[in-house]
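Novice: this one's sequence-less:
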């Protein structure tokens, strides 16, 4: 059992991680869906994900280095507040929409080859033109996503009535011509006209694209350093208290289970899912996911407010001489750090496929409902938390680097399962996706990352070393991966891409594991082994003054 003093000191990084996790997992799963709701295509999101990291990549190591040198508290409070403000900005983006301008109602698909089968005609037009005679050359109809080629003229000089309305969703006026009685299950189809502009565009896609790019640059430049500094605080506390870093992470990660359920319930109850003004068909996605991001804002502001009550800066009783930048990083150009950081790049490349496609894929292609989507994300948190709870024991058994290899292999298995999952009908339980949550290991990999950083880097550069790993994994590699994935997705489709990424991740984990155990591990100096680091931590833990 831990003493009261140990629990008191350890509670600080636990509280910090709890609120970071809670806010993050309330909003993060809806990042790409929020962007899609504004009017961006998946290819646009991947393009931004591809080039933004090459602008924001320096934030993690630089702010981590600043935290190591100037103290964690000020830097951490700054990035937390910046991230909170950004979440509100993301809820107020310009919207871009494209919708069909002309629509016709028919009783059944079997009748669509004759203009006499049309029961209603609707079009976006000013109210002043509503009711005027219409003469149209229809070349095709799009009904329930299927295109049918037709060829007839639609002349409306006699009709029962014409009604003008304002579509609140897009702010445009539209007119509906009532021609004849229609069946209860009549279908509205998009009408494509000869030599006509068949699409109505609202807003500026260019403005939306660059707004989203600017948001992502600053977002990744603040949220990643926040995690890095929080991990550094947890690592230093665990080291000084002689407890496992995974123990602190386990307690804080409970929020990752609760947050998705809270977000799902909020969006199910209060999220708006309006119907198309003319066809009256419900949209596939919610209009927006603002509730999740406003919740993120309040959670992070609360975290910001309580940080001043914690003294999370660390001081050594023994003064360390100031050294040059070159000497600060003398530990870096060695086989163990090189392999470690290179594998973080591999991990980021595999995860980029997940970040860019997975959530959109299971919602839009596999037809997973919003309710099940929140349950899936909550189960991700359950698995992640359980693995973290076992992380200390597993690390002692197999070593820190093997946790990385195991974590990427497990995560890659998720992509393989998604590749072979079938489409679900309304009311179906998405069993394959639910089972795949058992392989959620993103946070579990963090146990290996932080533990191995303590082996390869000086203690006073903990946040810097973690920031470098985050920069390579979460920023640069995921940027490169997004660009590559966007091109591969056009060639092979999302389903095959997920499978290819999954099998590649498993294969590379095995290959790097072989290289590590046959070539790299034996080159580690004695004081860089797991055992040597544990002894050094126990020795230094008594020398450091924990100011919390």
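Specialist: Okay, I see it. Note that the structure is a prediction, hence the values are computed from the model and not measured.
Novice: quick one: low-confidence ranges for the stretch 401-548 of the chain?
Specialist: The stretch 401-548 of the chain contains residues with pLDDT under 70 at 525-548.
Novice: quick one: the strands in it, in order.
Specialist: 544-546 (DSSP state E, counting those that start in this stretch).
Novice: residue boundaries of the helices in it?
Specialist: 431-436, 442-456, 462-470, 478-492, 494-515, 530-541 (DSSP state H, counting those that start in this stretch).
Novice: tilt between the second one and helix 462-470?
Specialist: So the one you mean is helix 442-456. Calculated by axes from the mean of the first three to the mean of the last three C-alpha atoms, to 10 degrees, helix 442-456 forms an angle of 130 degrees with helix 462-470.
Novice: same question for helix 442-456: list its buried residues.
Specialist: 442-456 (16 or more other C-beta atoms under 10 Å). (Glycine included, C-beta is placed from N, CA and C.)
Novice: same question, the fifth one
Specialist: Burial within helix 494-515, assessed by neighbour count using 16+ other C-beta under 10 Å, is assigned to 494-495, 497-502, 504-506, 508-509, 512-513.
Novice: tell me what angle it forms with helix 478-492.
Specialist: 130 degrees.
Novice: distance from the chain centre to helix 494-515, please.
Specialist: Helix 494-515 sits 21 Å away from the centroid of its parent chain (C-alpha atoms, centre = their mean, to the nearest Å).
Novice: what sits against residue 102?
Specialist: Residue 102 sits next to 121, 122, 123, 136, 190, 191, 192, 193, 196, 198 when contact means C-beta atoms under 8 Å, 6 or more residues apart in numbering.
Novice: what pairs with it across the strands?
Specialist: Using DSSP bridges, the bridge partners assigned to residue 102 are residue 123.
Novice: from residue 175, how far off is it?
Specialist: As defined by C-beta to C-beta, to the nearest Å, residue 102 lies at a distance of 11 Å from residue 175.
Novice: which neighbours do those two share?
Specialist: What both residue 102 and residue 175 touch, as defined by C-beta under 8 Å, 6+ apart, is the set 122, 123.
Novice: picking that back up, JSON lines for the contacts of residue 102, including pLDDT, neighbour count and secondary structure?
Specialist: What follows is these, written out as JSON lines (pLDDT from 0 to 100; neighbours: other C-beta atoms under 10 Å; DSSP: H, G, I helix; E, B strand; the rest coil):
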{"residue": "121", "pLDDT": "89", "neighbour count": "21", "secondary structure": "strand"}
{"residue": "122", "pLDDT": "90", "neighbour count": "24", "secondary structure": "strand"}
{"residue": "123", "pLDDT": "90", "neighbour count": "21", "secondary structure": "strand"}
{"residue": "136", "pLDDT": "83", "neighbour count": "19", "secondary structure": "strand"}
{"residue": "190", "pLDDT": "88", "neighbour count": "20", "secondary structure": "strand"}
{"residue": "191", "pLDDT": "89", "neighbour count": "24", "secondary structure": "strand"}
{"residue": "192", "pLDDT": "90", "neighbour count": "19", "secondary structure": "strand"}
{"residue": "193", "pLDDT": "90", "neighbour count": "16", "secondary structure": "strand"}
{"residue": "196", "pLDDT": "85", "neighbour count": "14", "secondary structure": "coil"}
{"residue": "198", "pLDDT": "88", "neighbour count": "15", "secondary structure": "coil"}
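Novice: follow-up on the earlier one: of the buried residues of helix 442-456, closest to residue 308?
Specialist: residue 450 (25.4 Å; C-beta to C-beta).
Novice: give me phi/psi at the most far-flung residue of the chain relative to its centre?
Specialist: Largest separation from the mean C-alpha position in the chain: residue 158, at 53.3 Å (C-alpha atoms, centre = their mean). Per-residue torsions, residue 158: phi -130, psi 120 (degrees, to the nearest 10).
Novice: what does the one 10 residues further on give?
Specialist: The phi and psi values for residue 168, taken as degrees, to the nearest 10, are phi -70, psi -30.
Novice: from residue 102, how far off is it?
Specialist: 20 Å.
Novice: one more: residue 296?
Specialist: From residue 296 to residue 102 the distance is 41 Å (C-beta to C-beta).
Novice: which SSE is immediately downstream of the longest helix belonging to the chain?
Specialist: Of all segments of type helix in the chain, defined using DSSP state H, the longest is helix 205-241. As assigned by DSSP states H and E, the chain's next helix or strand after helix 205-241 is helix 245-252.
Novice: let me see the mean pLDDT of the very next helix or strand once past that next one.
Specialist: Using DSSP H and E, the helix or strand that follows helix 245-252 in sequence is helix 255-270. Averaged over helix 255-270, pLDDT sits at 80.
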